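*Asks:* Task: produce atomic coordinates for the following.
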Amino acid sequence: MPGEGTVSKVDKNIHINKAVLKKGGETFEVDVDPDLALDVRAGKEVDMREVLKAEKIFSDAKKGLLAPEGKMTELFGTADALDVAKIIIKEGEIQLTSEYRKKKQEEKRSKIINSIARNAIDPKTKLPHPPNRIEAAMKEAKVTIDDYKSAEEQIEGIVKKLQPIIPIKFEVKKIEIGIPATYASKTYAIVKSYSKIVSEGWQNDGSWQGTVELPGGLIEEFFDKLNSLTKGDVQTKIIE
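*Replies:* Now for the predicted structure:
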């Protein structure tokens, strides 16, 4: 590792995603891959060499100023960059560039909208809300996307904010399905991908019968898929 205060080869003109920890009157920073750094923060096992853009601990990452090794040993019990970096990411603040934050927020927003459209329905009509209606309701409700939570973790809270604006709820339907032998094998994969199979059985004639559960918002699309694959030769019955 270069000596204390040495300037490393970091482009000072770009904004970087970094983790920052202030400890013992000193500032320690690491230049990180933001997705992997957030995985480390979440407790996932990640190779720290892949997390760090440079295996160095900085006092100012943007300027390329390296943190004093002596201070690292004193405050962290080690000067090993990988070990110290892990502590910084877990205990410090992950600072994300505006470009990255905007990109991830749009990805999460799109994922949330599509998930609600696929899994929720209008309880009055029993039909799913189209994505553009959900997006408009989110704007009206001034929904903000949390950088540090997954899309899945935010959906329930967002739906609650949307309910005063549009009638919406999650509803799971149970359906009995019978598929003739001619189409059973190729249709089975679609059944599994769309639904949770509650019970099933392959009959002596090669046909398949089962009971499945799936979100109410997916039923119309699911039935269209089944009818397309079987040329309409499929039996379905919503039982609850």
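*Asks:* From here on, just use CA atoms for contacts and neighbour counts.
*Replies:* Fine.
*Asks:* surely K111 meets A151?
*Replies:* Yes - here K111 reaches A151: they are 6.7 Å apart, a contact under Cα atoms under 8 Å.
*Asks:* who's more crowded, these two?
*Replies:* More neighbours surround A151 than the other of K111 and A151, with 20 against 16 (other Cα atoms under 10 Å).
*Asks:* Now for the more buried one: which residues touch it?
*Replies:* Counting by Cα atoms under 8 Å, 6 or more residues apart in numbering, A151 touches 108-109, 111-112.
*Asks:* which ones among those are found in helices?
*Replies:* Counting by DSSP state H, the contacts of A151 place 108-109, 111-112 in helices.
*Asks:* was I right about M72 contacting T78?
*Replies:* Yes - between M72 and T78 there is a contact at 6.2 Å, judged by Cα under 8 Å.
*Asks:* and for those two, which residues touch both?
*Replies:* Contacts common to M72 and T78, judged by Cα under 8 Å, 6+ apart, are V84.
*Asks:* ok, those two, which is more surrounded?
*Replies:* For M72 and T78, the more surrounded residue by other Cα under 10 Å is M72, and the numbers stand at 20 against 15.
*Asks:* Name the nearest residue to the more buried one, ignoring sequence neighbours.
*Replies:* Nearest non-adjacent residue to M72, counting by Cα to Cα, 6 or more residues apart in numbering: A79, 5.3 Å away.
*Asks:* would you say that neighbour is within a helix?
*Replies:* No - counting by DSSP: H, G, I helix; E, B strand; the rest coil, A79 falls outside a helix, being coil.
*Asks:* Count the neighbours of it for me.
*Replies:* A79: 21 neighbours (other Cα under 10 Å).
*Asks:* tell me the pLDDT at it?
*Replies:* In this prediction, A79 carries a pLDDT score of 94.
*Asks:* go on, the one 5 residues further on?
*Replies:* Reported pLDDT at V84 in the predicted model: 97.
*Asks:* secondary structure element for it?
*Replies:* Element membership for V84, per DSSP states H and E: helix 81-91.
*Asks:* Sheet-wise, list the partners of the helix or strand following that helix with their directions.
*Replies:* Beyond helix 81-91 on the C-terminal side, the first helix or strand identified by DSSP H and E is strand 93-95. Partners of strand 93-95 in the sheet, by DSSP bridges, are strand 18-23 (antiparallel).
*Asks:* what comes up buried for the strand it pairs with?
*Replies:* 18-21 (16 or more other Cα atoms under 10 Å).
*Asks:* what residues does that strand touch?
*Replies:* 27-32, 34, 61, 75, 88-89, 91-96.
*Asks:* Am I right that I155 is in contact with I112?
*Replies:* Yes - look at I155 against I112 with Cα under 8 Å: they come within range, at 6.3 Å.
*Asks:* So those two - more neighbours on which side?
*Replies:* Using other Cα under 10 Å as the criterion, I155 and I112 rank with I112 on top: 25 against 17.
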